[in-house]
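A.B. asks: prediction below, plus the sequence it came from.
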Amino acid sequence: MDQKSQHLEHERGSWGSNFGFLMAAVGSAVGLGNIWGFPYKMGMTGGFAFLIVYLILVVVVGCVVMLGELALGRKTGRGAVGAYMQFSKKHKWVGFLGVIAGFCLLAFYNVLGGMVMRYMFGFFFEVVGIDGFAGQGTGFFGFLLYDYGGMLFFHVLFVIINILIVMGGVESGIEKFSSVAMPALFFILLFVVVYIAFQDGAAEGYAFMFKPDFSAMSGFSGFLNVLKTAAGQMFFSLSLGMGCMITYGSYLDKKEDLQKNAIIIPACDTLIAIMAGMAVLPACAAYDVPYASGPGLLFTSMQQVFTNMGEFGAFVGFLFYFLVFIAAVTSSISLLEVVCTYRIDRAIDKGVKPNRQKITCIAAGLIFVVGLPVALDALGSGGAIFPAPFEIIGYQAAEGYKVPMAIDCWLDFFDTISEGVLMPFGALAMSVLIGWVYKTKKAVVPECEQAGHKFWGYGFFNVCFKFIVPAIMILVLVAQVIDFFVPKPL
Ligand code: PFF
């Protein structure tokens with residue numbers, strides 16, 4: 001690094017404290033994946049069996065990839081692309097996969113964030129006595145998809161909130177926001193969990209989650225189904241495989257204990273996911289809404305729960321969507337930061353002072369434009385102002401089959417690229433590089449032993465980097481590609 005670049009290093013920013021870093025990293029991890037994906041995947045994959053497999057995977061894959069990403073980031077002091085570049089120019093493509101994945105993920109995450117805000121305001125208006133959902137009931141979702149003005153308005157609003165936070169920088173923007181938002185999210189979720197616990201019929205939901213029952217895993221294909229669903233959910237939920245934790249790790253002070261952080265983040269993320277399950281599944285049980293209702297769970301099913309709840313329904317509904325909103329923002333800012341850091345690092349490496357404000361606005365603006373089809377295709381329900389991918393290419397589903405997920409709507413299209421392909425591939429490439437090329441001993445251990453900390457898990461982490469993570473990631477990659485590209489029966 002030349003002198004000029006060194007002089008600009010402080011322009012990258014850094015976390016003010018380890019607590020601030022933890023709140024930001026847990027904020028990134030806790031998102032729609034926890035409050036939406038975890039309960040509905042658990043609902044569709046046998047409850048308890050899913051939970052057990054998920055917990056095992058968090059230990060043998062989640063904590064390991066988390067440590068690898070944090071170590072790469074902090075060792076190099078660079079985001080996704082820059083970190084791999086410092087090892088070898090030949091590996092920078094792995095970082096680019098991350099930046100592209102972040103871009104695609106954010107294209108639809110912003111739209112979902114906007115929809116969550118709409119539900120939040122809907123219930124808020126009901127609480128204060130203005131017509132929110134009244135008159136529309138659970139038909140609201142169908143209305144919302146074709147209400148293009150509303151979709152655009154909330155999409156823009158969500159993007160602006162992201163820009164304002166990320167523009168503030170690492171410490172004064174992301175850390176400050178997360179340090180207030182994450183504890184707030186925890187206490188609101190706790191309140192909702194306790195409130196739901198007192199509703200008649202909630203016990204059935206807990207039994208589904210916690211009563212030992214492995215029937216969903218009977219036979220090899222049953223086991224594989226639970227394993228691939230839990231593994232895909234786990235690494236998405238932990239924000240792994242696309243350089244997000246590399247980026248956040250690059251702002252972390254050398255004196256902080258990496259190994260401890262790599263355990264705390266997955267532990268907190270998993271706790272919140274289980275708590276979200278304990279809010280959503282017993283609520284569904286108490287108000288006669290099916291758990292296995294799939295992706296509709298966050299919007300239609302939960303709205304029905306709050307509508308059926310009666311007197312306090314609107315207030316609890318508002319709180320619920322408010323916490324989902326917080327979860328979505330603390331995740332989307334981390335995605336935006338991955339994209340922005342790429343440009344910031346590049347400027348610094350060239351010896352040019354980076355303009356964070358300008359970079360943030362341009363990146364968020366581009367992502368907003370790319371996300372427009374997601375907001376305007378009515379999620380592929382047909383007849384929308386913007387055609388879905390399958391409509392554009394004139395794809396006709398075979399008799400008795402659905403359109404493959406990869407092209408059924410723009411949300412799933414971007415999800416296929418990011419969550420389906422790039423993220424598992426990124427995590428696979430990272431663990432192979434650490435385990436076999438850079439070597440755990442050189443790339444990870446010295447970073448974990450900074451400031452006199454002890455690294456006690458070398459044997460375990462090394463075996464995981466070399467064998468277990470790659471094997472699980474190959475399974476996830478193959479399973480997701482099949483899931484996204486092969487048409488399913490109606
Ligand atoms: N972990 C987030 C969730 O559970 O919704 C999603 C996510 C955020 C994935 C950031 C990847 C990422 F880099």
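C.D. replies: Nice, thanks for sending it over.
A.B. asks: how about the closest residue to residue 348 other than its chain neighbours, what does it touch?
C.D. replies: Nearest-residue entry for residue 348: residue 8, 4.7 Å, with adjacent residues in sequence omitted and distances by C-beta to C-beta, 6 or more residues apart in numbering. Backbone N, C-alpha and C define where each C-beta goes, glycine included. Counting by C-beta atoms under 8 Å, 6 or more residues apart in numbering, residue 8 makes contact with 347, 348, 351, 352, 353, 354.
A.B. asks: which of these tops the neighbour count?
C.D. replies: Counting neighbours by other C-beta atoms under 10 Å, residue 348 leads these with 24 neighbours.
A.B. asks: isn't that one right up against residue 9?
C.D. replies: Yes: using C-beta atoms under 8 Å, residue 348 is in contact with residue 9, at 6.8 Å.
A.B. asks: look up how far the ligand lies from residue 85.
C.D. replies: 19 Å (C-beta to the nearest ligand atom, to the nearest Å).
A.B. asks: doesn't residue 93 make contact with that residue?
C.D. replies: No: under the criterion of C-beta under 8 Å, residue 85 makes no contact with residue 93, lying 10.1 Å away.
A.B. asks: tell me the pLDDT of the residue nearest to residue 348.
C.D. replies: Per-residue confidence (pLDDT) for residue 8: 87.
A.B. asks: before we move on, what about residue 384?
C.D. replies: Reported pLDDT for residue 384: 96.
A.B. asks: that one in helix, strand or coil?
C.D. replies: Following DSSP: H, G, I helix; E, B strand; the rest coil, residue 384 is assigned to coil.
A.B. asks: show me the contacts for it.
C.D. replies: Neighbouring residues of residue 384 by C-beta under 8 Å, 6+ apart: 145, 146, 376, 377, 378.
A.B. asks: can I get the buried part of those as one ChimeraX selection?
C.D. replies: Selecting only the buried entries of the contacts of residue 384 in ChimeraX, with 16 or more other C-beta atoms under 10 Å as the criterion:
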select :145,376,377,378
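A.B. asks: of the contacts of residue 384, which is the nearest to residue 458?
C.D. replies: residue 377 (49.3 Å; C-beta to C-beta).
A.B. asks: walking through the stretch 351-490 of the chain, point out its helices one by one.
C.D. replies: Along the stretch 351-490 of the chain, counting by DSSP state H, counting those that start in this stretch, helices occupy 356-376, 389-392, 405-408, 410-415, 423-432, 440-443, 445-448, 458-463, 469-485.
A.B. asks: what's the angle from the last one to helix 423-432?
C.D. replies: Between the direction of helix 469-485 and that of helix 423-432, the angle (axes from the mean of the first three to the mean of the last three C-alpha atoms, to 10 degrees) works out to 170 degrees.
A.B. asks: show me what counts as buried in helix 469-485.
C.D. replies: 469, 470, 472, 473, 475, 476, 477, 479, 480, 481, 483, 484.
A.B. asks: in a markdown table: those, plus pLDDT and distance to residue 184.
C.D. replies: Below are the buried residues of helix 469-485 laid out as a markdown table (pLDDT from 0 to 100; distance: C-beta to C-beta, whole Å):
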| residue | pLDDT | distance to residue 184 |
| --- | --- | --- |
| 469 | 96 | 34 |
| 470 | 97 | 38 |
| 472 | 94 | 34 |
| 473 | 94 | 34 |
| 475 | 93 | 37 |
| 476 | 90 | 33 |
| 477 | 92 | 36 |
| 479 | 90 | 36 |
| 480 | 88 | 33 |
| 481 | 89 | 38 |
| 483 | 88 | 35 |
| 484 | 90 | 35 |
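A.B. asks: just to revisit the earlier point, nearest to the ligand, of the helices of the stretch 351-490 of the chain?
C.D. replies: helix 423-432 (7.0 Å; C-beta to the nearest ligand atom).
A.B. asks: can you pull out the residues in contact with that closest one?
C.D. replies: For helix 423-432, contacts defined as C-beta under 8 Å, 6+ apart pick out 64-65, 68-69, 72, 94, 97-98, 101, 232, 235-236, 240-243, 464-466, 469-470, 473-474, 476-477, 480.
A.B. asks: let's see that with 7 Å instead.
C.D. replies: Under the contact criterion C-beta atoms under 7 Å, 6 or more residues apart in numbering, helix 423-432 has outside partners 65, 68-69, 94, 97-98, 101, 235-236, 240-242, 465, 469-470, 473-474, 476-477, 480.
A.B. asks: how close does the residue of the stretch 151-300 of the chain found nearest the ligand get to residue 76?
C.D. replies: Nearest residue of the stretch 151-300 of the chain to the ligand: residue 244, at 3.1 Å (C-beta to the nearest ligand atom). Separation of residue 244 from residue 76 (C-beta to C-beta, to the nearest Å): 15 Å.
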